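Novice: can't give you the sequence, but here's the structure:
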């Protein structure tokens, strides 16, 4: 399937993008390449493949949470610009 530059221009307009003529041609080639990859994928015979059913999947074993003190506090804070009472001070970003 060939993509036309007019189609790329229309998609760009819908996305509120301004593309130069060179960018439009580049995007046209890139879309063509992507669709060529999909055509290859579409050619695979998947008749023997069953769909993944998460209800049939084995449960993932989880370890129990354990809280513990990190022993090397100096290593943890070696790149911190400012500390106060053992805590990291960060700049305020919200009013």
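Specialist: Ah, there it is. Since this is a predicted model, take the numbers as computed values, not measurements. Numbers count the residues shown, from 1 in each chain.

Novice: worst-scoring helix or strand of this protein, pLDDT-wise?
Specialist: helix 73-76 (a mean of 81; mean pLDDT, DSSP states H and E).

Novice: next helix or strand past that one?
Specialist: strand 83-84 (DSSP states H and E).

Novice: Show residues contacting the longest helix along the chain.
Specialist: Of all the segments assigned as helix in the chain under DSSP state H, the longest by residue count is helix 21-42. Here helix 21-42 makes contact (CB atoms under 8 Å, 6 or more residues apart in numbering) with 1, 2, 3, 4, 5, 8, 9, 12, 19. The C-beta positions use only the backbone N, C-alpha and C, and glycine is treated the same way.

Novice: residue ranges with poor pLDDT in this structure?
Specialist: 1 (pLDDT under 70).

Novice: Give me the residue at the spatial middle of this protein.
Specialist: residue 34 (17.5 Å; CA atoms, centre = their mean).

Novice: how close does that one get to residue 40?
Specialist: The gap separating residue 34 from residue 40 is 11 Å, by CB to CB, to the nearest Å.

Novice: Equivalent analysis for residue 81, please.
Specialist: For residue 81 relative to residue 40 (CB to CB), the value is 51 Å.

Novice: Starting from residue 72, give me the distance back to the most far-flung residue of the chain relative to its centre.
Specialist: No residue in the chain sits farther from the centre than residue 85, which is 37.5 Å out by CA atoms, centre = their mean. According to CB to CB, residue 85 and residue 72 sit 18 Å apart.

Novice: what do you get for residue 8?
Specialist: 54 Å.

Novice: and if you look at residue 94?
Specialist: 32 Å.

Novice: who has more neighbours, these two?
Specialist: residue 72 (8 against 3; other CB atoms under 10 Å).
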